[in-house]
Each structure stands twice: as structure tokens, then as C-alpha cells.
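Student: Fold the following, please.
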Amino acid sequence: MKMKNILKYKNIWILCLMVALFGCQDAIDINQDGFLGPDNAYNTVDDLQSGLNGVYARYLPDTGGNGTGGEIYHNSVFTDEIKSGIASAGQGSQLYDFIIDNTNTGGASFLIWQDNYRMIARANRVIEAFNVVTISSTDMERANHIRGQLLGLRALGHLKLLEYFAPSYDDPNGLGVINLDFVNNVNDQLPRNTFGETADLIRSDLETAQNLLDPSQTSNIFINVDVVKALRTRLALIEGDYSTALNLSSQLVSDYPLANQTQYLNMYQDTDNTEVIFKLSRVSGDNDVALLYFFNFIGPSDGYLEVSNQLFNELSEPTGDIRLNAVVSGAFSTINGVDDPTNVLVLNKYPGSADGQATNDIKVFRSSEMWLIKAEAEARMGNLTEAANSIKTLRDARFGSATATPNYGTLNQALTDILLERKKELCFEGHRYLDLKRLGSELGIGINRNPIDCASFQANCTLPSTDPRFTLPIPQAELDANSNIQVNPSN
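Tutor: Numbering: from 1, shown residues only. This next block holds a predicted model:
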């Protein structure tokens, strides 16, 4: 069953949404007339599949529009990927000026917290339903695959929350997020678990998922064994388990070759999947990711956000990098000079597809990210030559020819170059804010925008790497509802 169909189904999961509240508190224990609990909403494996479809529909890193948004939007606007666009009426100016409003229900603090906990809560409801559904021996393999996907999605939700809301990745006893591996009551007042406890839950869910998933199911729009492997790789990286990160990333880059230049451009038009490990399928009626940057259509007069001059410059030198074509529209942009304030740098990363002029699939894991993780793990394990060769491999693919091997004399040199390469490769895909949070404080690299870019918003240009705003604050809605929730330091 294709995602492009299941996201349209009006299934049982919609009934769960009707009683859902924001944050961790889904009103699942209010047994009103007509309420469907797991013992009467789920009777067959087909019902479990319907519930799983609803969990996929709740993963929304591309939520937002017209000046507000969740994960992808926040990473673009808060950092150094964008400048004010020609059609701007001030959209994004507050966030661009490093103001994170945890009371704003359209902002990242609220949306990332709400959307991921709603996905987790939905997954928990379907997992609980396995206790009441009679599964025949002929359906067991299918049911196990459904359960494995649910655990993978629950792990993904907890990992995203941990990345954004944990103040530090280095202290296992420090604050994590609320571990929600059960169907919670609306009256629950749950404290945050430690970072280590949340990481352990994620790891446990992924290990169980790996054993339940059917290895013959390889579609990249569903959780499969390789997506679980990619999740384990990302978790190992933020935990500092570089041996595991190296081992898993090496397996994935072997199985998913890098796209050549033509394939790379086609990937963003959703016509090539060469290096895509996992993506969210989007069709007309779903979130239109391009409308995080444009009002109505992709064109030179409609963008309220544009590519920053800084990023344009970084992608332009040396010449020949296909990522410049993927990020900046050659057809719609106007370049009047280096750092010219009248440059119109129209975003091309989401150029539209056959499913809509502003509609594109959301790439969650690609082999290029695994090469970058591989390079970082090699560098941190003292293998600077191998790290340099891994970065060269990625650059060779993006330039379409052999490039010079970087020379890393120290770990800091390697990490600084890898951080820049991550910016070029993963821009506008929801990584930059988290990359600066994880690597910036170690390297002393914060946000340092091109003055022409920050002048477009009349905003601050710099934010030091030690600033607490590289961790999202707990949303006010959660603080109001949960007296046991702990706030982040300095938020």
C-alpha cells in the first residue's frame, strides 16, 4: 500500500485525533459516548495497519507557513541559511533576530514538542491494541512488521525531542525529555527523564523494531531495517558512540550509493531515489514544504524568504558544485554582484513535483548524511586520513569529478570542515540548528551571518556558540499543564 494513498484514508486514527490535546496529554481516558478504545476500535490486523497509517501522518517536520513553522522552518530561519525575500512583509523577522517565543503555538518550541508527542501517543495507542487483537499465524509476520514500524516511529519521535530539548548531549544524567512508552492519562503530571534514560528507550525500541521488521520490505517511504539502522547511527553520533556510528554508517553508504549530478537534481523533484534511505511522501493536500518560503508559488516575486548571500557564496566557490543548482534557482534568481543587497536568490531545494507546484517529499535520511557521519566518526577516532577521504568521496559526487583531498592536521580542522560540508549538503532539510548546537559549542562556532543578509531583516548578525538558545525551551502550554515538568537552564 503506497503512502500517497494511505495519507488520504479516513481511518480509525482520525477518531483518536478528535480527542487529542497538545503536548504529552492526549485525552485518551475520557470515555465519552461513542468513544472507541483499543478493545473496540481495533479488531483485525487491517485495523492495526490503519492505526499505523495515522502515526505516519503525524510526523510533520514540514509543518508551518507564512512566517511560522516547525523543524525545517526553524533550522532555516534561526541560523544562516536565509535572508529576507523580495516579497517579505517581515515574515520570520522575530525568529531571525534570535527570539524564540515558547508561547507561540505556530513556533518551533510548540510544534516540535506537540507534533512528536502526538505521533508517539498515537503509536502507543496502536501498540496497546496488539493486546486485544487476535492475530492468526498467517498474519503474524505482517503484524510484527506493523509493530516494528510503530516502535521505529516512536523512537524517531523521542530522538527528535531529545535533539531539540535536551540541554546537553554529553551528560547522561542531565535533562532529557518525557519518556512516553505507554498510553498516558490526561491527568498525568510527568517529569522529564534523564538524557541517558531517553537514549536507552530509543535504543531499546530500535533494537526491538530491528527484530520485528520484515527485511524483504524495503520501500523508502516506510520504516524498514535500513531506516532503523540510520536512526541508530544518528543516536550513536549524538551520544558520542563513534565506533557504532562508524560501523552503521559504513554499512549504509555501501548499500546506498551517492547520486550523480543528474540524479541529485532529480531527487529534489522526487523522480530519483538513488541515495534516499527514508522520506516522507507528500501529495496535493499534504503540507506544501515550499510554502515555508513562498506565499503561493515558486517564483521570483513570491518568496518572502530567500537563500542567504552567505550560503550562495559558499556554494559558488569552487565552481561546479551541483548543490548550487539544487539550492538556488538559476531560472528565477537575479545576481547583481557579490553580496549585493538587491540579489534575488530564489530557493530551489523544493522545486515542486508532479504532485503539486509547491509539493515535495521530505528527505529524512540520505546516504550523504551517512558519509558525513562516517567522516566525523573517523576523525574523532583519530583516523584523519580516512575522514578526509570520506569527505572527498562526497565532494567528488557533487562536483562530478575528482576533487582535492582535504588536509586535516587536527581534529578541530576536520570537524570545522565537516560542519561546513554539512551546511552545504543538508541546508533547508532541518539540520543546521542542531549541527551548530552539537558541534558549534565544541568548535567555538556560533551563528555569524553575512552583514548583507542580517541587514535584510535589520537583525543581529551573530549568536555565540554557548548561547542557551541553541536548545529549545519547553513550550508554555506544557508548563501550564504539567506542574512536574522541568524547564531548561536559562530558557
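
Student: residue contacts, residue 269?
Tutor: Contacts here follow C-beta atoms under 8 Å, 6 or more residues apart in numbering; on that basis residue 269 touches 351, 352, 353, 360. Where you see a C-beta, it was placed from the backbone N, CA and C, and this is true even at glycine.

Student: Next, count neighbours for the first one.
Tutor: For residue 351, the neighbour count with other C-beta atoms under 10 Å is 20.

Student: Distance-wise, check it relative to residue 269.
Tutor: Relative to residue 269, residue 351 is positioned 6 Å away (C-beta to C-beta, to the nearest Å).

Student: would residue 486 count as being in a strand?
Tutor: No: Residue 486 is assigned coil when assessed by DSSP: H, G, I helix; E, B strand; the rest coil, not a strand.

Student: just checking, it touches residue 190?
Tutor: No: the criterion here is C-beta atoms under 8 Å, and residue 486 misses it with residue 190 at 10.8 Å.

Student: In terms of neighbours, single out the busier of the two.
Tutor: Counting neighbours by other C-beta under 10 Å for residue 486 and for residue 190 shows that residue 190 has the greater number, 17 against 11.

Student: biggest helix in this protein by residues?
Tutor: Assignment by DSSP state H gives helix 140-165 as the longest helix of the chain.

Student: Following that one in sequence, what is the next regular element?
Tutor: helix 195-212 (DSSP states H and E).

Student: Mean confidence (pLDDT) on the helix or strand following that following helix, please.
Tutor: Helices and strands here follow DSSP H and E; after helix 195-212, the next one along the chain is helix 225-239. Average pLDDT, helix 225-239: 98.

Student: How far away from the center of its chain is helix 225-239?
Tutor: 13 Å (C-alpha atoms, centre = their mean, to the nearest Å).

Student: Other residues contacting that helix?
Tutor: Outside helix 225-239, the residues that touch it by C-beta under 8 Å, 6+ apart are 148, 152, 155-156, 159, 162-163, 169, 199, 202-203, 206, 209-210, 213, 215, 218, 220, 242, 244-245, 248-249, 251-252, 255-256, 277-278, 365, 369-370, 373, 376-377, 438.

Student: Using ChimeraX, make a named selection holding only the buried ones among those.
Tutor: Buried members of the contacts of helix 225-239 can be picked out in ChimeraX with the line below, counting by 16 or more other C-beta atoms under 10 Å:
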select :148,152,155,156,159,162,163,169,199,202,203,206,209,210,213,220,242,244,245,248,249,252,256,277,278,365,369,370,373,376,377,438
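
Student: The residue nearest to residue 298 when sequence neighbours are not counted and residue 425: what is the separation?
Tutor: Using C-beta to C-beta, 6 or more residues apart in numbering and skipping the chain neighbours, the partner closest in space to residue 298 is residue 290 (5.5 Å). Separation of residue 290 from residue 425 (C-beta to C-beta) stands at 20 Å.

Student: Please enumerate the strands of this structure.
Tutor: Under the criterion DSSP state E, the chain contains strands at 64-65, 68-69, 82-84, 276-280, 305-307, 362-366, 447-448, 462-463.

Student: Including distance to residue 469 and mean pLDDT, could these go into a markdown table?
Tutor: Formatted as a markdown table, the strands of the chain follow (distance: least, C-beta to C-beta, whole Å; pLDDT from 0 to 100):
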| stretch | distance to residue 469 | mean pLDDT |
| --- | --- | --- |
| strand 64-65 | 19 | 95 |
| strand 68-69 | 17 | 96 |
| strand 82-84 | 17 | 98 |
| strand 276-280 | 27 | 98 |
| strand 305-307 | 20 | 98 |
| strand 362-366 | 25 | 98 |
| strand 447-448 | 10 | 98 |
| strand 462-463 | 7 | 98 |
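
Student: Quick one: closest of those strands to residue 140.
Tutor: For the strands of the chain, proximity to residue 140 was assessed by C-beta to C-beta; strand 276-280 is nearest, at 25.2 Å.

Student: what's in contact with that closest one?
Tutor: 3, 56, 59, 61-62, 220-221, 223-224, 226-227, 230, 252, 256, 267, 273, 361-367, 370.

Student: out of residue 290 and residue 425, which sits in the more crowded spot?
Tutor: residue 290 (26 against 19).

Student: quick one: that one from residue 358, how far?
Tutor: Here the criterion is C-beta to C-beta. By it, residue 290 lies 4 Å from residue 358.

Student: what sits in contact with each of these two?
Tutor: 298, 350, 352.

Student: Identify the residue spatially nearest to residue 148, adjacent ones excluded.
Tutor: Leaving aside its sequence neighbours, residue 148 sits nearest to residue 212 (C-beta to C-beta, 6+ apart; 3.4 Å).

Student: any idea how far the one you found is from residue 128?
Tutor: Residue 212 is 16 Å from residue 128, where distance means C-beta to C-beta.

Student: who has more neighbours, those two?
Tutor: residue 212 (19 against 16).
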